[in-house]
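>>> Any chance you could fold what I've pasted below:
(one chain, ligands or ions: 1)
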Amino acid sequence: MDNKVNIRWVEETDSTQEELRRGLSGYDNLSVTAALSQTAGRGQRGNKWVSEKGKNLTFSILLKFGEHGFPPLPVSRQFDISKAATLGVISYLEKRGVEAQVKWPNDIYIRNKKICGMLVENILDGGKVAASIVGIGLNVNQTVFDPSLTNPTSLAIVTGGEYDLRLELEKFTSILASSFSRVLLNNDTGIDKEYESRLYRKGESHEYVSCRDGKVFEGVIVGVSPEGKLRVHDKKGEHKEFAFKEINYII
Ligand code: BTN
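Numbers count the residues shown, from 1 in each chain. So this is what the prediction gives:
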């Protein structure tokens, strides 16, 4: 399988997620669409993703499975895609001298601030993942943010540098492609340990809201299950598992 990334830049689009979805059948595995500006950028949980024009990286990468892509991936392993993307983002940031963590499931944090968000949208076919569109919004050169955003930061704020977006995207996507290959092609199981070692707040006691009953509870994150559920021990030592949207962090 060819590990080459194909990057296409557009000046403006509604969302790079939609851009890739519209042309899905015509694009190869590891095709990337990046935009200088998105008019309807999407975040997790139906939120908008707002990014200052030309300042940040907003792009989506297409993963295909089967004949012209990665080996078939059962739906039960779809969280591997998030894990691989997360470790790719963290490894890229490390190359820029920044130590980052993953706030489960899809946010990349530097201490208590968010530098990057990911939106993983899988297209399923029976019990398998046919394709995945991984959208990444990384704050790069933006230094002033809308006050309504919770805890944003950027590479420029953290390092004091200014970055060429096109050069950064080339480096970033080549690291991401290696990470996807490591996990989805070579089944490197070492990533589970690596992922957990980068888990924001792991082993610390903090307050969370359970979305099942709206109650605040104190707990300690102990890991993530193979299907991608967050494992938490509450104060009484009871083991709990939360799927996406079932728990909110209090930061
Ligand atoms: C989040 O943290 O809520 C996820 C943000 C994902 C944003 C990226 S920007 C590129 C791609 N296109 C979109 O519309 N969304 C993702």
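
>>> And the residue of the stretch 1-150 of the chain that's closest to the ligand?
Gly117 (2.0 Å; C-beta to the nearest ligand atom). Yep, even glycine has a C-beta here, placed from its N, CA and C like the rest.

>>> Who does that residue form a beta bridge with?
Beta-bridge partners for Gly117, by DSSP bridges, are Asp107, Gly137.

>>> Verify the stated contact: it with Lys103.
No. Counting by C-beta atoms under 8 Å, Gly117 sits too far from Lys103 to count as a contact (9.8 Å).

>>> Which of these two has more residues huddled nearby?
Gly117 (22 against 19; other C-beta atoms under 10 Å).

>>> Run through the residues that contact that one.
Listed by C-beta atoms under 8 Å, 6 or more residues apart in numbering, the contact set of Gly117 reads 43-44, 49, 106-108, 136-137.

>>> Next, format the residues you listed as a markdown table and append distance to Glu194, neighbour count and pLDDT.
A markdown table is the format used below for these (distance: C-beta to C-beta, whole Å; neighbours: other C-beta atoms under 10 Å; pLDDT from 0 to 100):
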| residue | distance to Glu194 | neighbour count | pLDDT |
| --- | --- | --- | --- |
| Gly43 | 26 | 16 | 95 |
| Gln44 | 23 | 16 | 93 |
| Trp49 | 27 | 19 | 96 |
| Asn106 | 17 | 21 | 93 |
| Asp107 | 17 | 19 | 97 |
| Ile108 | 14 | 26 | 98 |
| Ile136 | 19 | 27 | 98 |
| Gly137 | 23 | 25 | 98 |
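
>>> filter those residues by proximity to the ligand?
43-44, 49, 107, 136-137 (C-beta under 6 Å from any ligand atom).

>>> Would you mind giving the residues you listed as JSON lines with distance to Arg96 added?
Conversion of the ones next to the ligand among the contacts of Gly117 to JSON lines gives the following (distance: C-beta to C-beta, whole Å):
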{"residue": "Gly43", "distance to Arg96": "23"}
{"residue": "Gln44", "distance to Arg96": "24"}
{"residue": "Trp49", "distance to Arg96": "21"}
{"residue": "Asp107", "distance to Arg96": "18"}
{"residue": "Ile136", "distance to Arg96": "15"}
{"residue": "Gly137", "distance to Arg96": "16"}
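
>>> quick one, phi/psi of Asn6?
The phi/psi pair for Asn6 (degrees, to the nearest 10) reads phi -110, psi 110.

>>> again, but for Ile90
phi -60, psi -40.

>>> who touches it in this structure?
100-102, 108, 198.

>>> how about 7 Å then?
Ile90 sits next to 100, 102, 108, 198 when contact means C-beta atoms under 7 Å, 6 or more residues apart in numbering.

>>> ok, now Ile81?
Shown in contact with Ile81 (C-beta under 7 Å, 6+ apart): 63, 120, 132, 134.

>>> at 6 Å instead, please
If you count contacts by C-beta atoms under 6 Å, 6 or more residues apart in numbering, Ile81 has them with 120, 132.

>>> Contact residues of the chain facing the ligand?
15-17, 38, 41-44, 47, 49, 58-60, 107, 117-119, 135-137.

>>> In terms of pLDDT, where does Lys4 sit?
On pLDDT, Lys4 comes in at 88.

>>> burial measure for it, as a count.
Look at Lys4: counted by other C-beta under 10 Å, it has 10 neighbours.

>>> can you map out the strands along the stretch 101-250 of the chain?
Using DSSP state E, counting those that start in this stretch, the strands found in the stretch 101-250 of the chain span residues 101-103, 107-110, 113-125, 128-138, 205-210, 216-224, 230-234, 239-242, 247-249.

>>> How about residues contacting the second one?
By that I understand strand 107-110. Residues contacting strand 107-110 (C-beta under 6 Å, 6+ apart): 89, 100-101, 103, 114-117, 153, 158, 200.

>>> Format those residues as JSON lines; extra columns: pLDDT.
Output for the contacts of strand 107-110, formatted as JSON lines (pLDDT from 0 to 100):
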{"residue": "Val89", "pLDDT": "98"}
{"residue": "Ala100", "pLDDT": "98"}
{"residue": "Gln101", "pLDDT": "98"}
{"residue": "Lys103", "pLDDT": "97"}
{"residue": "Lys114", "pLDDT": "98"}
{"residue": "Ile115", "pLDDT": "98"}
{"residue": "Cys116", "pLDDT": "98"}
{"residue": "Gly117", "pLDDT": "98"}
{"residue": "Thr153", "pLDDT": "98"}
{"residue": "Val158", "pLDDT": "98"}
{"residue": "Tyr200", "pLDDT": "97"}
